[in-house]
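Asker: everything below, folded, please.
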Amino acid sequence: MSRLESQVLIASDDRELTAALGQLLAQYRPDVAAGNAASVLALVARGDALRLLILGDSGSDSCALDLLQTLKERHPDLAVLLVSTHPTVEHATESIRRGAEDFVPVPYSEEVVSKEVARILEAAELRARVESLDRLVATRYGFERIVSRSPRMNAVLDRATAASRSDTPVLILGETGTGKELIARAIHANSRRAKHSFVPINCAALPRDLIESELFGHRRGAFSGATSDHPGLFAAAHGGTLLLDEIGELPLDAQAKMLRVLQDGEVRAVGGLASRQVDVRVVAATNRSLAAMRDDRMRPDLFYRLSVLVIEVPPLRDRRDDLPLLIRHFLTGLGEPGMHRVDGIDAGALDLLADYPFPGNIRELENMLEGLSVSLPPTRATISADDVRGWLRRRGEGGGRTSDATHVPLKLVELEAWAIAEAMRQAHGNKSTAAHILGISRDTLYRKLHEIDLASKMPDSRTPH
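Answerer: So this is what the prediction gives:
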């Protein structure tokens, strides 16, 4: 069977009514069907472009109403306009209750019918545009935007996808620059709340004396400077998602109010007497470890309420196989139309970056590539190893210092101690990363550190800096 291409379908057993409606709505090139249920249901099922069904109703029995109810159950987005040749108030009321967009009695005003059809189709077009925009937003902020082939990141995306299917509070853990907000936005963009606001707030950046006002709102006159009512961020995120970044920096008194919102869905503005209901999905994020979140800086009851679903985003050094993909992704997005573009990075430069611990993670990688791209001569379109060495040197991360004998001990014992100290510095104290830099096991590093500590107590031995 061929597909139904028209936006409008006229279905009635009354040939005279069908012909009159067809002539009136000729500009929409409507399809026509007999009014029996089987033919109408079959045509609607084939109508990919169908927006409106005009259903003729003799009013003598309930067949049209039953067909209307079946149609709305199977195709809830399809608008149905019921045109009745024997209208009654009860019949009109029942048709609206069963899902009709409107009820038109016969004889009808052609102007009224034309305007009603135009209104319904305009509303359907608007809904289609909104749905298209939602799909665009989901693509822009969705999981497709997260570049990775790492098994550890695949596990993260699986948990984030599961989180998007519910309203459960989520706690996202990860170092600075790992993309916690990107994960939170993807969860929101793929959830039922995607049509509503995503409101991010950095708790560490809120002034301590204004935290409650910013989160829960305030009434005019509640404090000095409160010259008008302020709804607060929870109210702004009503129906959507509120991202509480650096949740561990929230003071304990504000944490108590936060717990009330999560438990009861109510907020009370500073200086206000009444509470108001809010429908907000809370996603919290922190650069602290899960163990650190359990210390006395976090109320246990709030911690357990927020950590229903925990997502741990790995640092870039633990997903080094993603480095080439991320570099290609960022280089593709860099530059403006008409400007010199950088299209790649050579193998030597990639090797140097693979050995760098990236304490700033993906954000640091993106900023580095942008800086190197801007400073690259117009005659070159590829980032070289020398470019990366210069960047590392400017950051004090090697890139040439090791060749200077005045900075490197020559005695074997001191050289080993220096190498370990340098690796620990580059890894910012992370022993697993330092062991990776040195090419030894973590147990070996612990043993070496113990030996160095003992050696430092001897008169003729020291750990160079």
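Asker: could you check which helix or strand contains the residue positioned nearest the centre of the chain?
Answerer: Centroid check for the chain by CA atoms, centre = their mean gives Arg185 as the closest residue, at 1.7 Å. If you go by DSSP states H and E, Arg185 is part of helix 180-189.
Asker: so where's the stretch 201-350 of the chain shaky on pLDDT?
Answerer: Under the criterion pLDDT under 70, the flagged ranges of the stretch 201-350 of the chain are 295-296, 335-340.
Asker: quick one on the thing from earlier: was I right to think the residue nearest to the centre of the chain contacts Ala194?
Answerer: No - assessed by CB atoms under 8 Å, Arg185 is found out of contact with Ala194, at 10.2 Å. Glycine gets a C-beta too; all of them are placed from N, C-alpha and C.
Asker: wait, Asp318 touches Met153, no?
Answerer: No - with contact defined as CB under 8 Å, Asp318 does not reach Met153; the gap is 9.5 Å.
Asker: could I have the helix holding Arg185 exported to PDB, CA atoms only?
Answerer: C-alpha atoms of helix 180-189 as PDB (Å, rounded to 0.1, in the frame of the first residue of the first chain):
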ATOM      1  CA  LYS A 180      31.600  16.600  34.400                       C
ATOM      2  CA  GLU A 181      29.300  19.400  33.100                       C
ATOM      3  CA  LEU A 182      29.300  17.800  29.600                       C
ATOM      4  CA  ILE A 183      28.100  14.500  31.200                       C
ATOM      5  CA  ALA A 184      25.400  16.400  33.200                       C
ATOM      6  CA  ARG A 185      24.200  18.200  30.100                       C
ATOM      7  CA  ALA A 186      24.000  15.000  28.100                       C
ATOM      8  CA  ILE A 187      21.900  13.400  30.900                       C
ATOM      9  CA  HIS A 188      19.500  16.400  30.800                       C
ATOM     10  CA  ALA A 189      19.400  16.600  27.000                       C
END
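Asker: give me the helices and strands touching that helix, please.
Answerer: Helices and strands touching helix 180-189, by 3 or more CB pairs under 8 Å, 6 or more residues apart in numbering; DSSP states H and E, are helix 110-141, helix 151-164, strand 170-173, strand 198-202, strand 241-245, strand 281-286.
Asker: how about TSV for the ones you listed, with distance to Ile437 added?
Answerer: Formatted as TSV, those follow (distance: least, CB to CB, whole Å):
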stretch	distance to Ile437
helix 110-141	35
helix 151-164	19
strand 170-173	24
strand 198-202	31
strand 241-245	30
strand 281-286	26
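Asker: for Leu369, which of the ones you listed is the nearest?
Answerer: Of all those, helix 151-164 sits nearest to Leu369, with 19.4 Å by CB to CB.
Asker: enumerate the positions of the closest one that are buried.
Answerer: By neighbour count on 16 or more other CB atoms under 10 Å, the buried set for helix 151-164 is Met153, Val156, Leu157, Arg159, Ala160, Ala163, Ser164.
Asker: for Val44, state which of those residues is nearest.
Answerer: Nearest to Val44 out of these is Ser164 (CB to CB; 31.3 Å).
Asker: the closest one touches Ala184, doesn't it?
Answerer: No - at 10.4 Å, Ser164 does not count as touching Ala184 under the criterion of CB under 8 Å.
Asker: straight-line length of stretch 304-323, end to end?
Answerer: Length of stretch 304-323, first residue to last, CA to CA, to the nearest Å: 35 Å.
Asker: how far does it sit from the chain's center?
Answerer: Stretch 304-323 sits 15 Å away from the centroid of its parent chain (CA atoms, centre = their mean, to the nearest Å).
Asker: mind listing the helices for the stretch 201-350 of the chain?
Answerer: For the stretch 201-350 of the chain, helices defined by DSSP state H, counting those that start in this stretch occupy the ranges 211-216, 233-236, 252-264, 290-293, 300-306, 323-333, 347-354.
Asker: go on, the stretch 1-150 of the chain?
Answerer: So, for the stretch 1-150 of the chain - with DSSP H, counting those that start in this stretch - the helices run 15-24, 37-45, 63-74, 89-97, 110-141.
Asker: average pLDDT for the third one, rounded please.
Answerer: What that stands for is helix 63-74. Averaged across helix 63-74, pLDDT comes to 84.
Asker: counting by contacts, list what that helix packs against.
Answerer: Packed on helix 63-74, when contacts are counted by 3+ CB pairs under 8 Å, 6+ apart, are helix 37-45, strand 52-57, strand 79-84, helix 89-97.
Asker: what about the residue nearest to Ala381 when sequence neighbours are not counted, neighbour count?
Answerer: Spatial nearest neighbour of Ala381, chain neighbours left out: Asp343 (4.9 Å); criterion: CB to CB, 6 or more residues apart in numbering. Burial of Asp343 is recorded as 11 neighbouring residues (other CB atoms under 10 Å).
Asker: wait, Asp343 sits on Ile383?
Answerer: No - if you go by CB under 8 Å, Asp343 and Ile383 don't touch, sitting 9.7 Å apart.
Asker: domain boundaries for this structure, per the record?
Answerer: Per automatic domain parsing, the domain ranges recorded for the chain read 8-133, 144-314, 317-401, 405-455.
Asker: how far off centre is the first one?
Answerer: Chain-centre distance of domain 8-133: 39 Å, with CA atoms, centre = their mean.
Asker: wait, isn't Arg320 in contact with Ala354?
Answerer: Yes - contact between Arg320 and Ala354 holds when scored by CB under 8 Å: they sit 5.7 Å apart.
Asker: so for the two, which sits in the more crowded spot?
Answerer: Neighbour count, other CB under 10 Å: between Arg320 and Ala354, Arg320 has more, with 15 against 12.
Asker: and the closest residue to Ala37 other than its chain neighbours, what does it touch?
Answerer: Spatially, and ignoring its direct neighbours in sequence, Ala37 is nearest to Leu67 (4.8 Å; CB to CB, 6+ apart). By CB atoms under 8 Å, 6 or more residues apart in numbering, the contact set of Leu67 is Ala37, Val40, Leu41, Leu55.
Asker: kindly report the same for Ile437.
Answerer: Asp355, Pro357, Ala423, Gln426, Ala427 are the contacts of Ile437 under CB under 8 Å, 6+ apart.
Asker: please name the nearest non-neighbouring residue to Pro231.
Answerer: Distances taken as CB to CB, 6+ apart place Gly217 nearest to Pro231, at 4.8 Å, with adjacent residues excluded.
Asker: ignore what I typed, I meant Ser375.
Answerer: Ranked by CB to CB, 6+ apart and with sequence neighbours excluded, the top spatial neighbour of Ser375 is Asp387, at 7.9 Å.
Asker: Phe358 - how many residues pack around it?
Answerer: Counted with other CB under 10 Å, residues neighbouring Phe358 total 20.
Asker: test my guess that it contacts Asn367.
Answerer: No - the pair Phe358 / Asn367 is not scored as a contact, 10.8 Å apart, by CB under 8 Å.
Asker: from Val104, how far out is the residue nearest to Ala37?
Answerer: According to CB to CB, to the nearest Å, Leu67 and Val104 sit 16 Å apart.
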